[in-house]
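Peer 1: model the following, please.
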Amino acid sequence: MKTTTLKRSDAKDGFVLNEGYFKRRNLLDWLFAALVVCGGLYGFFRYQAHMDVYEKGILLGVIPAAIAMGWFWRPLRALMLVVTVVSLLGIVSYQGDLARAEQVFWLKYFLSSQSAILWMSVLFFMGTIFYWLGMVASRGEGGHSAAFESMGSKIVWVAITMALIGTMVRWYEGYLIGPDIGHIPVSNLYEVFVLFSWMTAAFYLYFEAQYKTRALGAFVMLVVSAAVGFLLWYTVVRGAHEIQPLVPALKSWWMKLHVPANFIGYGMFSLAAMVALAYLIKQQATEKRWYKLTPLWMLGVVICFVPIVFRKSEVAGSHYWLGYLFVSGLISAGILLGRQRLAERLPSFEVLDDVMYKSIAVGFAFFTIATVLGALWAAEAWGGYWSWDPKETWALIVWLNYAAWLHMRLMKGLRGTVAAWWALVGLAVTTFAFLGVNMFLSGLHSYGEL
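Peer 2: Coordinates of the predicted model:
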């Protein structure tokens, strides 16, 4: 294997040797890799009796994947280590007794799954507020904009940490309830909304670091906060935080692969749509004629009334949705009225366009993988790869929408306004495929019905 590459030097003639991938690893990189290998192998030998051959393969595959991610983006190493240590503290604190969740201080208020996820929710809201304070605060000497945005970024990191701790501990809590009840917590809307929230936020933080701008956090975190708002309603009104046994169709190792891949796609499509919204706001910043702004304020109306449309009349919690309508209305109006000031803080059109494109490209790749995995799972569970179930049909519509977007981008040079509006329409299509199908249609995926 080659460990060196040739790279042209700054001199007018000659080349210099550039260190290869593994040669660039430092001591901390290898120490992190050793910890991941030791932890993964311990889990393999400790719990292999409870895993089938596929689950063993998934665990062994996670080891090099975790190392690669930690090497690719170093902040993930600290995240993985903190989540591992704190999750193990929570698990050990149970001592095999679920009742200790109400008896042990740090379990009751911080580390039980429900407590950790509630902390996640509060922290995501706080992070969103600080990002917006950074957008409207004064910049330059004596200004606090950078401090607010930095605080928002740090709070979102802590929120992601609490989300992962809550997920790990919830996984263990399921097995405490009963060996036949325990499962990876990605099986219902409550669990996947947690997954969606922290994944979307984590991908945003990566782009934030790569492009060295925090200005997009105010927009991207809106969709995360909306997801958290739904999660809280779903918890309070439906008691969705209760761990339930899996339906027979979900008792499969395929779920461990299909669902996370699917929600990487959903998260990236949502991120792209919020960047597209920022693009349109920046583009229309100096427009004074309100009839020219019709598409934007109509979009605000749609955003405000989406929760009302999605709410069934017999569902409890109507006051919550009225509050959601009021808050989303204020946000939409504030963005429209303050668009000129916001546009000054946003990065260039080139950066916005590039983030939008990369988000859709990554989301499309993972959504494609999820669709293939879903077909294989369907063949095992229901005897056929494709049955034109409503969920499958709308997943295909989502896939075709973004396939067409990428085709137009790569083949026809799609850019600018059309690309941005298309990304926003894509979010509407994706939202219906994710939630609308569960609410208004029925089929083989009815276990996800609201």
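Peer 1: pLDDT weak spots in the stretch 1-150 of the chain?
Peer 2: Scanning the stretch 1-150 of the chain for pLDDT under 70 picks out the ranges 1-19, 140-142.
Peer 1: let me see the ranges of the helices in it.
Peer 2: In the stretch 1-150 of the chain, helices defined by DSSP state H, counting those that start in this stretch lie at 27-47, 53-72, 75-94, 105-106, 113-136, 145-177, listed in chain order.
Peer 1: ok, which of these comes nearest V429?
Peer 2: Within the helices of the stretch 1-150 of the chain, the stretch nearest V429 is helix 113-136; the backing value is 24.6 Å (CB to CB). C-beta coordinates here come from the backbone N, C-alpha and C atoms, glycine included.
Peer 1: export the closest one to CSV, keeping only CA atoms.
Peer 2: Backbone C-alpha positions of helix 113-136 (Å, rounded to 0.1, in the frame of the first residue of the first chain) are rendered in CSV as follows:
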residue,chain,number,x,y,z
SER,A,113,-33.5,8.6,29.2
GLN,A,114,-36.4,10.9,29.7
SER,A,115,-34.4,13.4,31.7
ALA,A,116,-31.6,13.4,29.2
ILE,A,117,-34.0,13.9,26.3
LEU,A,118,-35.8,16.7,28.1
TRP,A,119,-32.4,18.4,28.7
MET,A,120,-31.7,17.9,25.0
SER,A,121,-35.0,19.7,24.1
VAL,A,122,-34.3,22.6,26.4
LEU,A,123,-30.8,23.0,25.1
PHE,A,124,-31.8,22.9,21.5
PHE,A,125,-34.3,25.7,22.2
MET,A,126,-31.6,27.7,24.0
GLY,A,127,-29.1,27.1,21.2
THR,A,128,-31.6,28.4,18.7
ILE,A,129,-32.2,31.6,20.8
PHE,A,130,-28.5,32.3,21.1
TYR,A,131,-28.0,31.9,17.4
TRP,A,132,-30.7,34.4,16.7
LEU,A,133,-29.3,36.8,19.3
GLY,A,134,-26.1,36.5,17.4
MET,A,135,-27.8,37.4,14.2
VAL,A,136,-29.5,40.6,15.5
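Peer 1: reformat the helices of the stretch 1-150 of the chain as CSV; add distance to A240.
Peer 2: Listed next are the helices of the stretch 1-150 of the chain as CSV, based on distance: least, CB to CB, whole Å:
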stretch, distance to A240
helix 27-47, 28
helix 53-72, 26
helix 75-94, 21
helix 105-106, 24
helix 113-136, 11
helix 145-177, 12
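Peer 1: K282 is nearest to which of those helices?
Peer 2: Using CB to CB, the helices of the stretch 1-150 of the chain put helix 113-136 closest to K282, at 12.3 Å.
Peer 1: what are the ranges of the strands in this structure?
Peer 2: Secondary structure of the chain, counting by DSSP state E: strands at 4-8, 15-19.
Peer 1: wait, which of the helices of the stretch 1-150 of the chain is closest to A343?
Peer 2: Taking CB to CB as the criterion, A343 comes closest to helix 113-136 out of the helices of the stretch 1-150 of the chain, the separation being 10.5 Å.
Peer 1: now the helices of the stretch 1-150 of the chain in a markdown table, with mean neighbour count and distance to V236?
Peer 2: Putting those into a markdown table (neighbours: other CB atoms under 10 Å; distance: least, CB to CB, whole Å) gives the following:
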| stretch | mean neighbour count | distance to V236 |
| --- | --- | --- |
| helix 27-47 | 14 | 35 |
| helix 53-72 | 15 | 34 |
| helix 75-94 | 17 | 23 |
| helix 105-106 | 11 | 24 |
| helix 113-136 | 22 | 11 |
| helix 145-177 | 21 | 17 |
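Peer 1: which one of those lies nearest to R341?
Peer 2: Closest to R341 of the helices of the stretch 1-150 of the chain, according to CB to CB: helix 113-136, at 6.9 Å.
Peer 1: helices or strands next to that closest one in the packing?
Peer 2: helix 145-177, helix 189-211, helix 217-238, helix 339-345 (3 or more CB pairs under 8 Å, 6 or more residues apart in numbering; DSSP states H and E).
Peer 1: which residue packs closest to D52, ignoring adjacent ones?
Peer 2: Here the nearest residue to D52 in space, its sequence neighbours aside, is W253; by CB to CB, 6 or more residues apart in numbering that works out to 6.6 Å.
Peer 1: which ones are touching the nearest residue to D29 once chain neighbours are set aside?
Peer 2: What sits nearest to D29 in space, not counting adjacent residues and going by CB to CB, 6+ apart, is W71, at 5.7 Å. Contacts were defined as CB atoms under 8 Å, 6 or more residues apart in numbering; by that measure W71 touches R25, D29, F32, A33.
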